[in-house]
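In: A structural model of the following input is requested.
(one chain, ligands or ions: 1)
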Amino acid sequence: MSEARTRIMIEADKPAVQDLTTRAFGQPDEARIIQQLERDGDADLQMVAELDGQIVGHILFYGMGVFGKVSAVGLGPMCVDPWVQKEGIGSKLVTAGLKEMHDMGASIIFVVGHDWFYPKFGFTVEAAAEFETPLKGPHFMARRFRFGPPMSGRLIFPDAFGVPIAPL
Ligand SMILES: CC(C)(COP(=O)(O)OP(=O)(O)OC[C@H]1O[C@@H](n2cnc3c(N)ncnc32)[C@H](O)[C@@H]1OP(=O)(O)O)[C@@H](O)C(=O)NCCC(=O)NCCS
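Out: Purely as a prediction, here's the structure:
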């Protein structure tokens with residue numbers, strides 16, 4: 001089998017990403033979230049993984065607010081085609097995406113996701129401990145790139161996720 005390669009997503013990839021995301025999650029919700037993030041201007045970076053000219057993976061990073069503070073970055077949705085999962089493609093996408101966000105100057109990246117996947121890339125519950133969201137729990141993690149603001153606060157997810165701000 002040839003090697004998957006990652007690259008920045010372009011406009012022409014959108015239908016394939018919608019199809020892939022719907023199949024990988026087994027429901028249309030995440031594909032709709034991607035559409036709304038794009039419509040609202042909240043999608044900061046999207047990358048795809050390509051194998052023999054086919055799009056087999058996708059990752060999205062979005063801007064998120066921290067109430068009254070410097071903003072942060074969130075990761076997701078992301079997915080890999082069910083036919084080629086557990087082949088290292090998801091890892092390639094996360095590694096490439098984190099490098100881009102690091103180079104773009106992000107200080108901290110949040111994710112709400114699988115505890116068997118994201119810790120492999122430095123995401124920990126501890127790094128997210130000082131931040132408040134109703135989604136808080138074992139799946140709410142962060143990866144900090146550098147010490148500095150924001151260090152704490154109430155997170156404001158983009159409208160596409162429909163997540164309320166944690167009460168005081
Ligand atoms: C999560 C997902 C993106 C992982 O992509 P992938 O290409 O299969 O991941 P990789 O092959 O790079 O696997 C990375 C590690 O996770 C492990 N892993 C992958 N799928 C797993 C599973 N279902 N259960 C437990 N571990 C799993 C791999 O064994 C590998 O471990 P290793 O580094 O110790 O060898 C993919 O399973 C997916 O698209 N799932 C459906 C959508 C989804 O849940 N998206 C994430 C939302 S948070």
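
In: Okay, buried residues for the biggest helix by length in the chain please.
Out: Criterion DSSP state H: the longest helix present in the chain is helix 89-103. By neighbour count on 16 or more other C-beta atoms under 10 Å, the buried set for helix 89-103 is I89, G90, K92, L93, V94, A96, G97, L98, E100, M101. C-beta: built from backbone N, CA, C; applies to glycine.

In: shouldn't the first one be in contact with G57?
Out: Yes - under the contact definition of C-beta atoms under 8 Å, I89 touches G57, with a separation of 4.7 Å.

In: any shared contact partners between the two?
Out: Counting by C-beta atoms under 8 Å, 6 or more residues apart in numbering, the common neighbours of I89 and G57 are A4, A49, V80, D81.

In: is it true that the third one touches R23?
Out: No - because the distance of 10.4 Å does not satisfy C-beta under 8 Å, V80 is recorded as not touching R23.

In: of these two, who's got more company?
Out: V80 (23 against 14; other C-beta atoms under 10 Å).

In: can you tell me how far that one sits from the ligand?
Out: Distance of V80 to the ligand, computed by C-beta to the nearest ligand atom, to the nearest Å: 4 Å.
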